[in-house]
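[1] fold the following and give me the result.
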Amino acid sequence: MSELGASLSAWLEPIAAWFRSLNMPEPIVHWGHPAMMGIVVLVMGSFAAITGWQGRILTATNDALAAEKRTAHKKVAGMMFLFISLGYTGGVLSLVMQQQPILQSPHFWTGSLAILLLLVNGLIAAFGFSKGKGFRTVHAYLGSAALALLLIHGIFGVQLGLSI
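    Numbering: from 1, shown residues only. Coordinates of the predicted model:
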């Protein structure tokens, strides 16, 4: 385990020990994070992507419906980012609870990159849209790339789960 990974695990161990003391069933500890995050990514991620693209495409033909889709996208995408951020924390803690290394898997690094991409995308939405149409285009493609990365991240997660 890397020195940073060992330090982070040691820092999180008291929290993990407390959760271990609750005697949660092993399948919950092992597969709870993947199950919950799979739902978030597949359901909320799909909805956010579809409504985002609908809001973008429908602007040319139906402004009212496009605005409705953009509003739905904004609500779901924000909540999805919150749940993914919390799930990231839960996933790291789950690995510590199972006494597994946390910085060594592609699952950890794709999750970290996905959160960074989603954060940048949220900042673009919050501050960049008023600066021109180009920011909306970057937002659309960056969000799609983040969702694609999250699907790859899920594959790495299944591989990780099956290996421990």
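
[2] identify, by residue count, the longest helix of this protein.
    The helix that spans the most residues within the chain, counting by DSSP state H, is helix 63-97.

[3] ok, so what distance separates the residue of the chain positioned farthest from its centre from residue 103?
    Here the chain reaches farthest from its C-alpha mean at residue 61, the gap being 32.1 Å by Cα atoms, centre = their mean. Applying Cβ to Cβ, to the nearest Å, the value for residue 61 to residue 103 is 48 Å. C-betas here are computed from N, CA, C, even on glycine.

[4] same thing with residue 2?
    6 Å.

[5] more neighbours: which of the two?
    Set residue 2 next to residue 103 and count neighbours by other Cβ atoms under 10 Å: residue 103 wins out with 17 against 11.

[6] tell me who's in contact with the spatially most central residue of the chain.
    Against the mean C-alpha coordinate of the chain, by Cα atoms, centre = their mean, the closest residue is residue 84 at 3.6 Å. Contact analysis of residue 84 by Cβ atoms under 8 Å, 6 or more residues apart in numbering lists 37, 40-41, 114-115, 118, 150.

[7] now do residue 49
    Taking Cβ under 8 Å, 6+ apart, we find residue 49 in contact with 143-144, 147.

[8] for it, give its distance to residue 32.
    Using Cβ to Cβ, residue 49 is found at 25 Å from residue 32.

[9] could you dump the contacts of residue 84 to a markdown table with neighbour count, secondary structure and distance to residue 158?
    Shown next, in a markdown table, are those (neighbours: other Cβ atoms under 10 Å; DSSP: H, G, I helix; E, B strand; the rest coil; distance: Cβ to Cβ, whole Å):
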| residue | neighbour count | secondary structure | distance to residue 158 |
| --- | --- | --- | --- |
| 37 | 22 | helix | 11 |
| 40 | 18 | helix | 15 |
| 41 | 22 | helix | 12 |
| 114 | 22 | helix | 16 |
| 115 | 17 | helix | 19 |
| 118 | 23 | helix | 21 |
| 150 | 25 | helix | 13 |
